[in-house]
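Participant: My questions are about this predicted structure, shown below with the sequence.
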There are 2 protein chains.
Amino acid sequence: MQRVTIAQVAERAGVSTATVSRVLSRRGQVSAAVERKVRRAADDLGYQVNVIARALRNSRTDTVGMVVPSITNPFFTSLVESVEHALGREGKELFLCDARSDPRIEARRLASLAARNVDGIIVSPSHGVDSRPAVQQTADRLPLVQLDRFVDGTTTDWVGVDDVAAMRQVMDHLHDGGTRSAAFIGSLMTHSSTEQRFAGFRRRAEELNIEVKPDQVLLGDYSVEWGEAAVARLIAEGGLPDALVCADDLIALGATRACRAHGFAVPQQVQVTGYDDIEFSRLAEPALTTVHQPRDRIAAEAVRLLAAASLAKDAERGPHARISLVPTLVVRDSTRATQAPPART
Amino acid sequence: MQRVTIAQVAERAGVSTATVSRVLSRRGQVSAAVERKVRRAADDLGYQVNVIARALRNSRTDTVGMVVPSITNPFFTSLVESVEHALGREGKELFLCDARSDPRIEARRLASLAARNVDGIIVSPSHGVDSRPAVQQTADRLPLVQLDRFVDGTTTDWVGVDDVAAMRQVMDHLHDGGTRSAAFIGSLMTHSSTEQRFAGFRRRAEELNIEVKPDQVLLGDYSVEWGEAAVARLIAEGGLPDALVCADDLIALGATRACRAHGFAVPQQVQVTGYDDIEFSRLAEPALTTVHQPRDRIAAEAVRLLAAASLAKDAERGPHARISLVPTLVVRDSTRATQAPPART
DNA sequence: CACCTCAATGCAATCGATTACAGTCGAGTT
DNA sequence: AACTCGACTGTAATCGATTGCATTGAGGTG
């Protein structure tokens, strides 16, 4: 029960604590004989380094903190998983926090991570504006990378996908399927992702001459419930357009469900598209056409940026990176293919 | 960029570090005037305690570690969320780890948490047998609670639901719907949960005289893919029974999908039940009848047990608690109600 | 043989906060 | 006036690992 310290190992091996430390951390020269004795003693006693003490001494914890808006959103969950794997490869661990989509909780989490001396922070900010002070302040103290979403007006590294390009693909696909009018269902413009996706949607809709009625842009939050509610509202206020373009898969799943519940066939009468390609988008009925985010690449880039930032340190806080990856459209059954025959995945 | 230490605050306020510490941690007597000076100085400098240093000194981190088999399984995700909320109420933070269903990774995570001086650990073991050494060893060093699943032959606190009682409810419900034969689709018997659920299934099936063919007990893993594969196999090897009882919702979702893909109507021709009541079970087509686990209660009890264990400490490591909560059956559309009319939720 | 080099090892300071112990001082007691 | 008490505050040890500097001694050189 009693923790074993380096001093006990030293005593048992008949050497000083310095030597034990040198053996265990593979730094400095130690003769083979002594090394064997020390390892022996350490094993016998079941010694384990006290990470806390080590962290205090060299102010490195080999731990990275990650803050996401909601751990129950499958997109973030799998992003977390990707990040964890990427970190594992570098022998680092992940300290995960859920901000519950509340910038205040988020700020507290960030502060707490900083106080815990994590080596860096990966954050997908909850709010495009309100998250700013906390994020910027944290970024001033230690390496920080924003993932997926970002806060307006902050200067930090960022990794995500090109939402505008993705939306162009979505709109082109819908256009090919004969779409003449579309609605957009997203969250309030408090996330950069919604903003970008909407911008991409609107621009390409114009170029393709697809009609978007002003009252058919509905903004709520990223949830199944909101998707359902939005469709109910559309139907009540004048009917559905040819296509429903949703800012994420959860909304799209809710929207699809609501369409069917109200007797509209998907994709025959209404087409629906999502964004993120969460696992359940494949399982929905009909399977959802969506935008696949290269999560592993995003995670890998984020981890790489953090590592780089840790090295550079204060030295030359060069210009910040903004890495924008290209997502791919995954066509399934909630949209019509170019011609009649339904697509399969 | 430079971290502010207690010494700097002390100097600025013209007092000793001891006094500053007393003010900031609200321990011991300090005159009002000095207190004001110190707070002033701390604010001016933007002082933040160094959690690492504090932890080293009083070997408490106000952090609890949690290890789950897979962070992408929605059941565990929402369990994590519940635990986080419960901890938040006590001012503690959560350090989350994903074991990727591998006892070796799990062991490494547990060791790492212990080395980080977490105040306690909540773990849902990946394997009913192989997880044992690591779990037991960790439990010997610090407070540990097993959640949901447990390892055979360990003596630690445990919180979960009564799987046998749950399965009785499921079987009674199916029986009411006229079921005469059933198959069981679960994971390999390497998780206590599958074991318990299968035991409950088998016993009640016998009592109700529901036929279970020996080759209609299929064991794979907790995933959608396995649910699909299992149904394909059943169909290939002689057809489906009246009902498919699945050990978790992911399997059930896959099973449902496969049934429909092969042209079997659910619930008219085959009934399907799940377990866990994850969010998507409601969204499936048809919505899944499943067993709802009281996640918040489970989490709350686990946190309570940890707190109690921390206090008792070595003193009287009394007998360990095994708290078994009662889950509730949620009837939706993948099973037939007592009579004909389909149920709604 | 005197002197130098370098590997191996130990001593002790250090990271930052907490706290046991001791000292100071003013008010209250006898 | 001497003494007690208690509120405040400071000094220094402590938590456990790391590491700069000093020391030792073996082997090499001229």
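Facilitator: Great, that's in hand. Numbering: from 1, shown residues only, chains lettered A, B, ... in the order given.

Participant: With adjacent residues omitted, what lies nearest to the residue in chain A that chain B sits nearest to?
Facilitator: Among all residues of chain A, A:E285 sits closest to chain B, at 3.7 Å; criterion: Cβ to the nearest Cβ. C-beta: built from backbone N, CA, C; applies to glycine. Spatial nearest neighbour of A:E285, excluding adjacent residues (Cβ to Cβ, 6 or more residues apart in numbering or on different chains): B:E285 at 3.7 Å.

Participant: separation between that neighbour and B:T72?
Facilitator: Distance from B:E285 to B:T72, counting by Cβ to Cβ, to the nearest Å: 22 Å.

Participant: cool, and A:D221?
Facilitator: Counting by Cβ to Cβ - A:D221 and B:T72 are separated by 22 Å.

Participant: the helices in the stretch 51-200 of chain A, which residues?
Facilitator: Per DSSP state H, counting those that start in this stretch, the stretch 51-200 of chain A carries helices over the ranges A:51-58, A:74-88, A:103-115, A:132-141, A:163-176, A:192-208.

Participant: any chance of the ones you listed in a markdown table, plus mean pLDDT and mean neighbour count?
Facilitator: Listed next are the helices of the stretch 51-200 of chain A as a markdown table, based on pLDDT from 0 to 100; neighbours: other Cβ atoms under 10 Å in any protein chain shown:
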| stretch | mean pLDDT | mean neighbour count |
| --- | --- | --- |
| helix A:51-58 | 90 | 17 |
| helix A:74-88 | 94 | 22 |
| helix A:103-115 | 90 | 20 |
| helix A:132-141 | 91 | 18 |
| helix A:163-176 | 96 | 21 |
| helix A:192-208 | 95 | 19 |
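
Participant: Just put those helices in a markdown table and tack on distance to B:F264.
Facilitator: Listed next are the helices of the stretch 51-200 of chain A as a markdown table, based on distance: least, Cβ to Cβ, whole Å:
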| stretch | distance to B:F264 |
| --- | --- |
| helix A:51-58 | 54 |
| helix A:74-88 | 28 |
| helix A:103-115 | 46 |
| helix A:132-141 | 52 |
| helix A:163-176 | 32 |
| helix A:192-208 | 39 |
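
Participant: Out of those, which gets nearest to DNA strand D?
Facilitator: Closest to DNA strand D of the helices of the stretch 51-200 of chain A is helix A:51-58 (Cβ to the nearest atom of the strand; 3.5 Å).

Participant: Hey, what's the angle from that closest one to helix B:51-58? Just curious.
Facilitator: 120 degrees (axes from the mean of the first three to the mean of the last three Cα atoms, to 10 degrees).

Participant: ok, residues contacting helix A:51-58?
Facilitator: A:61, A:117, B:50, B:52-53, B:55-56, B:61, B:112, B:115-117 (Cβ atoms under 8 Å, 6 or more residues apart in numbering or on different chains).

Participant: near DNA strand C, anything from it?
Facilitator: Yes: counting by Cβ under 7 Å from any atom of the strand, DNA strand C is contacted by helix A:51-58 at A:53, A:56-57.

Participant: Can you list phi and psi of the closest residue to DNA strand D within the stretch 101-250 of chain A for me?
Facilitator: Closest residue of the stretch 101-250 of chain A to DNA strand D, Cβ to the nearest atom of the strand: A:N117 (12.5 Å). Backbone geometry at A:N117, expressed as degrees, to the nearest 10, gives phi 60, psi 40.

Participant: what does A:L218 give?
Facilitator: Per degrees, to the nearest 10, the backbone of A:L218 is at phi -110, psi 130.

Participant: tally of neighbours for A:I298?
Facilitator: 22 (other Cβ atoms under 10 Å in any protein chain shown).
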